[in-house]
Every structure is written in C-alpha cells, then in structure tokens.
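Colleague: next one to model:
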Amino acid sequence: MPRVFLCDFDGTVAPSDIGAAFARAFSPGGLAERPDFLARWTRGEMGHRELTRAQCEVMTVSEDRALAFTRDFAIDPAFAPFVRAARARGDEVTVVSEGFEFYVGDQLARAGLADVSFSANRLRFAGDRLTPEFSDGGCGSCGNCKGRHVRDWRARRFTTVLIGDGLSDRCGAREADVVYARRDLLAWCRGEGLAATPFDSFADLLAAAA
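Modeller: Below you'll find the predicted structure:
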C-alpha cells in the first residue's frame, strides 16, 4: 500500500509555532496565549476549536499586517527534500494544521511547495477583527481534526503516517498507523502508551520517506 505522510505545520513543518506567535503578537499583553486558556486546553477541558475562538475574540490585526508578520518565519529547509523523496517512492505528503490557511498556504508557496495539499482553519478578516471558520466532521472539538484526515486517507487505502510535535496532534496520533513525534506530542504518546518514533527535524525523516 502507498503511504501518506500527514504533517502538522506549526512546530513541525515550520520549526516555530507561527500561530502561537501570531496570537501573542496581536492580543493585548499576549492575552490570547494566557496560561488559563492553554492549561484548560492541555488538560482536555477545552478543544482547539473553542481555544481558537477565544483567542480570536481578543486579537486585533488587519490581513496585510497579519501576513507581513507571518512572513518573518520560514519552514524547515529539509521539508522540500522530504517531499521529493516521498513522491519519488510513490507516496503522498499533505499538511494538516490547526493553524490558519492564510499563512500555511503562503509559507508553502514561498518555499516552492504550492503543489503540496494542505488543510487548515480559515480566518475571516473584517478590518482588524477576526472570525475563525472551521472544517466540518471529525471529533467536533478540534478546529481541523487530524483524526478525520487520517481516516479519510485510510479509506483511500493508504498507510497513514502522522508527523507532529504538539497536543493538537492527539486525534491524529490515536488513529494513524505510524507516528513520528517530538516535544509535547512525544511525551503525550509515551504517557498514553502509543508507539511513536522520535525525530528532531525533517532531515531525520528523509530515510523514512526514501
């Protein structure tokens, strides 16, 4: 069976968490990343959909300023070679993100990877006010449930490989055939007794794609 590599974006394809930096930069005193929001989400008391709504309520930024800010970041330079290696073997690579389409798509295009499929939450700008829009389906708690994406690809007869770094990857990790993890996702997988192979960057994953 061919494989599909479902890659988280913030903290994975992009080494920095662009979404978290965006929320801090455009909320008063970094309010959108305040500890009580994040603690509730970490404990599973608040889904990522609810967290994103709460963050957007306290953020103010125009679309132009938002895009200019996110362009200060870049993706892992080893991601493009990883994509080429996977495709050469007949596998697929897709990006699944709880971040926002406006910067995920822009980052991929600027890296010469506009042909890589991706799924993320949408952000509607009205002046400097923000309204998030989410995908249907999935667990109902995530904004863009990675577990749903894993199931969709498996139904297409692909072996599913989830690559991620954070707690927004939990639904995907529960469903995937293979998991590569680092940081919080790796610690969570170990705590849950889920098999996960550690990695540091996409340079480490080139061999897996070959």
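Colleague: from here on, contacts and neighbour counts on C-alpha atoms
Modeller: Will do.
Colleague: so what's the residue of the chain most remote from its centre closest to, chain neighbours aside?
Modeller: No residue in the chain sits farther from the centre than residue 127, which is 26.0 Å out by C-alpha atoms, centre = their mean. In this structure, residue 127 finds its nearest non-sequential neighbour in residue 62, 5.7 Å apart by C-alpha to C-alpha, 6 or more residues apart in numbering.
Colleague: report the buried residues of the helix or strand bottoming out on mean pLDDT in the chain.
Modeller: Using mean pLDDT, DSSP states H and E, the weakest-scoring helix or strand in the chain turns out to be helix 35-42, at a mean of 83. Residues of helix 35-42 classed as buried: 37-38, 41-42 (neighbour count, 16 or more other C-alpha atoms under 10 Å).
Colleague: quick check: which element contains residue 60?
Modeller: Following DSSP states H and E, one finds residue 60 outside all helices and strands.
Colleague: so the residue farthest from the centre of the chain touches residue 64, yeah?
Modeller: No - judged on C-alpha atoms under 8 Å, residue 127 makes no contact with residue 64 at a distance of 10.1 Å.
Colleague: so what's the residue count around residue 193?
Modeller: The tally of other residues near residue 193 (other C-alpha atoms under 10 Å) stands at 9.
Colleague: how about the one 4 residues further on?
Modeller: Counted by other C-alpha under 10 Å, the residues lying close to residue 197 total 13.
Colleague: state the distance from it to residue 41.
Modeller: Distance, residue 197 to residue 41, using C-alpha to C-alpha, to the nearest Å: 24 Å.
Colleague: so who does the residue farthest from the centre of the chain touch?
Modeller: Contact analysis of residue 127 by C-alpha atoms under 8 Å, 6 or more residues apart in numbering lists 61-63.
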